[in-house]
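In: here is a sequence with its predicted model. Questions after.
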Amino acid sequence: MDLYVRWRLSFMMFLQYAIWGAWAPVLAAYLMDDKAGLGFSAFHSSVIYSLLPLATIISPFLGGQIADRWLPTQWFLAIAQLVGGVVLLVMAQAHSFVSMAGLMLLFALVYAPTLALTNSICFHHLQDREREFGGIRVQGSIGWIVAGWMLTLWRTKMISVWGISMSGVADSLVLAGVGALVMSIFCLFLPHTPPAREGTNPWAFLEAVKLLKNRSFLVFMLISFVVVTELQFYYILTAPFLEKGLGINSARVPATMTIAQLAEIVAMALALPYVLPRLGVGKSLAIGVLAWPIRYAIFAIGGPAWLVLAALSLHGICYVFFFVVGQIYVDSVATPDIRASAQALLAVITLGFGNFLGALFAGKIGDLFTNRATGAMNWRGVFLVPCALTVLCAIAFLLFFRPPGKPQGPAAAGGEQEPPVPPPPLAPPPEGGDQTGA
């Protein structure tokens, strides 16, 4: 692969996820802070977080159709990031719930299609997807990490060294907005990717619904949906928990939360290639499912601080061994003609509906365990809810999921078996988008 093309695609991924990583891990702390922030309730904050998943359901179809039929992909990305960058900078100065939610919805509608299209433009120019995509996509995780460290550096130095005050402004959204504007300009220099101008069927993913007749596939999809709803407790409530529950300085929270992405890179680059061929899909998925309740149990215990910070690294294990391995599993059970549709179905169920409903659920639980008189949140009660639900998911997975290649039900008597899993690719398949956290 041409090194100049590889460099441009890598930096594109770096910027794409740096934009997301600048605000997603920490914005909730600003929204819910009644002193230095906006003082929103947990539910109102969760509504704002639910808008990107909602847009993930809606706008990729529109964005894909535009890029497929009318505009070169790099031009669409440039326009979308330009609009998104301007909206983020305006949103950083918003103070009411209505204005914040309206602007977030507008940003989400233009940002959501770029998650799929950055993958698409990579695949268009890669000669060997399995070998080359992983090294490019991991730059997105690095971008997420760098954004967190940049925000911490900004917060620790802006007053003491630079004498800058950003009272009443969401600095995380400012950083994301600047990143989006930089990416808008950079997209003009991406490899030319013209529209195919061929009609595509936006409902083709419905063909994959037939896979739900496979019991293990149905179990996997149901558990994936529930698990993703509980993922929102991490994205929405972890930053406020670290600040108010653990006493970590708000300036250091962005860098602290990048522990999750550092673990994600280690798990993806080192652990997954070693573990998956030896344990197979079933046991690898089980590792990911079991890591979930362990993390929330430690959060519920609430200390010591070093243990809670160490538990952040479980996010990387959860993500890689459940979501990435899950994508490999879906690819293995789908026939070649519907693999893209099966991945789309997984993305809509998890990144779309799962994240959307999970965000609202996390907000409701946060308000339920908030003392109305003092505004203090019962963190133990909050995190015991996702802990209990993910324990049930782990039990259901271990009881009802059968790895590909093993007989189940009628198969044991000579009936149909699930197809065997092929060797895993050298690089993980593309995500629908990091809540990441990516």
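Out: Perfect, I can see it now.

In: residue ranges with poor pLDDT in the stretch 251-400 of the chain?
Out: Counting by pLDDT under 70, the stretch 251-400 of the chain has low-confidence residues at 337, 339-340.

In: excluding its backbone neighbours, what's nearest residue 99?
Out: Excluding the flanking residues, the one nearest residue 99 by CB to CB, 6 or more residues apart in numbering is residue 91, at 7.9 Å. Bear in mind the C-beta positions are built from the backbone N, C-alpha and C, glycine included.

In: the one you found and residue 401: what is the separation?
Out: When distance is defined by CB to CB, to the nearest Å, residue 91 is 41 Å away from residue 401.

In: give me the more crowded residue out of those two.
Out: Applying other CB atoms under 10 Å to residue 91 and residue 401 shows that residue 91 carries more neighbours, namely 24 against 21.

In: would you agree that one is in contact with residue 172?
Out: No - if you go by CB atoms under 8 Å, residue 91 and residue 172 don't touch, sitting 10.5 Å apart.

In: give the buried residues for whichever strand or helix holds residue 231.
Out: In this structure, residue 231 sits in helix 215-240 according to DSSP states H and E. By neighbour count on 16 or more other CB atoms under 10 Å, the buried set for helix 215-240 is 216-217, 219-240.

In: again, but for stretch 249-264
Out: Applying 16+ other CB under 10 Å to stretch 249-264 flags 250-251, 253-261, 263-264 as buried.

In: how about CSV for the residues you listed, with secondary structure and distance to residue 355 added?
Out: Formatted as CSV, those follow (DSSP: H, G, I helix; E, B strand; the rest coil; distance: CB to CB, whole Å):
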residue, secondary structure, distance to residue 355
250, helix, 25
251, helix, 28
253, helix, 22
254, helix, 21
255, helix, 25
256, helix, 23
257, helix, 18
258, coil, 21
259, helix, 22
260, helix, 16
261, helix, 18
263, helix, 21
264, helix, 17
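
In: which among those residues gets closest to residue 23?
Out: Residue 23 lies nearest to residue 254 out of these, by CB to CB, at 9.8 Å.

In: would you agree residue 321 is in contact with residue 272?
Out: Yes - Residue 321 is within contact range of residue 272, at 7.3 Å (criterion: CB under 8 Å).

In: tell me, what's touching the two both at once?
Out: Taking CB atoms under 8 Å, 6 or more residues apart in numbering as the contact rule, residue 321 and residue 272 both touch residue 284.

In: who has more neighbours, those two?
Out: Shown here are residue 321 and residue 272; by other CB under 10 Å, residue 321 has more neighbours (26 against 21).

In: please tell me how far the more buried one sits from residue 290.
Out: 9 Å.

In: one more: residue 227?
Out: Residue 227 is 11 Å from residue 290, by CB to CB.

In: same check on residue 226?
Out: Remark: distance between residue 226 and residue 290 (CB to CB) = 15 Å.

In: distance-wise, check residue 223 relative to residue 400.
Out: Separation of residue 223 from residue 400 (CB to CB): 9 Å.

In: try residue 93
Out: With CB to CB as the criterion, residue 93 and residue 400 are 50 Å apart.

In: cool, and residue 33?
Out: 42 Å.

In: and residue 306, by the same measure?
Out: For residue 306 relative to residue 400 (CB to CB), the value is 37 Å.

In: pick out whichever of those two has more residues nearby.
Out: residue 400 (15 against 8).

In: show me what contacts the closest residue to that one other than its chain neighbours?
Out: Excluding the flanking residues, the one nearest residue 400 by CB to CB, 6+ apart is residue 219, at 4.7 Å. Residues near residue 219 by CB under 8 Å, 6+ apart: 396, 397, 400, 401.

In: farthest pair in the residues you listed?
Out: Within the contacts of residue 219, 396 and 401 form the most distant pair, 8.0 Å apart (CB to CB).

In: between the two, what contacts are shared?
Out: Common neighbours of residue 396 and residue 401, counting by CB under 8 Å, 6+ apart, are 219, 223.

In: part of a strand, is residue 127?
Out: No - assigned with DSSP: H, G, I helix; E, B strand; the rest coil, residue 127 falls outside any strand and is coil.

In: how much space between it and residue 2?
Out: For residue 127, the distance to residue 2 - CB to CB - is 9 Å.

In: for the host helix or strand of residue 138, which positions count as buried?
Out: Secondary structure assignment for residue 138, by DSSP H and E: helix 129-157. Buried residues in helix 129-157, counting neighbours by 16+ other CB under 10 Å, are found at 132-134, 136-148, 150-152, 154-155.

In: gap between that helix and the chain center?
Out: How far helix 129-157 lies from its chain's middle: 13 Å, per CA atoms, centre = their mean, to the nearest Å.

In: which is the next helix or strand following that helix?
Out: That would be, after helix 129-157 and using DSSP H and E, helix 171-187.

In: quick check: buried residues in that following helix?
Out: By neighbour count on 16+ other CB under 10 Å, the buried set for helix 171-187 is 171-184, 186-187.

In: got the angle for it vs helix 215-240?
Out: Put simply, helix 171-187 runs at 120 degrees to helix 215-240, going by axes from the mean of the first three to the mean of the last three CA atoms, to 10 degrees.

In: what is helix 171-187 packed up against?
Out: If you count contacts as 3 or more CB pairs under 8 Å, 6 or more residues apart in numbering; DSSP states H and E, helix 171-187 packs onto helix 3-23, helix 27-32, helix 73-91, helix 129-157.

In: could you give the angle of the longest one to helix 3-23?
Out: With the same axes, to 10 degrees as the basis, helix 129-157 and helix 3-23 are set at 50 degrees to each other.

In: got the phi and psi for residue 377?
Out: The phi/psi pair for residue 377 (degrees, to the nearest 10) reads phi -100, psi 140.

In: before I go, just wanted to say thanks for your time.
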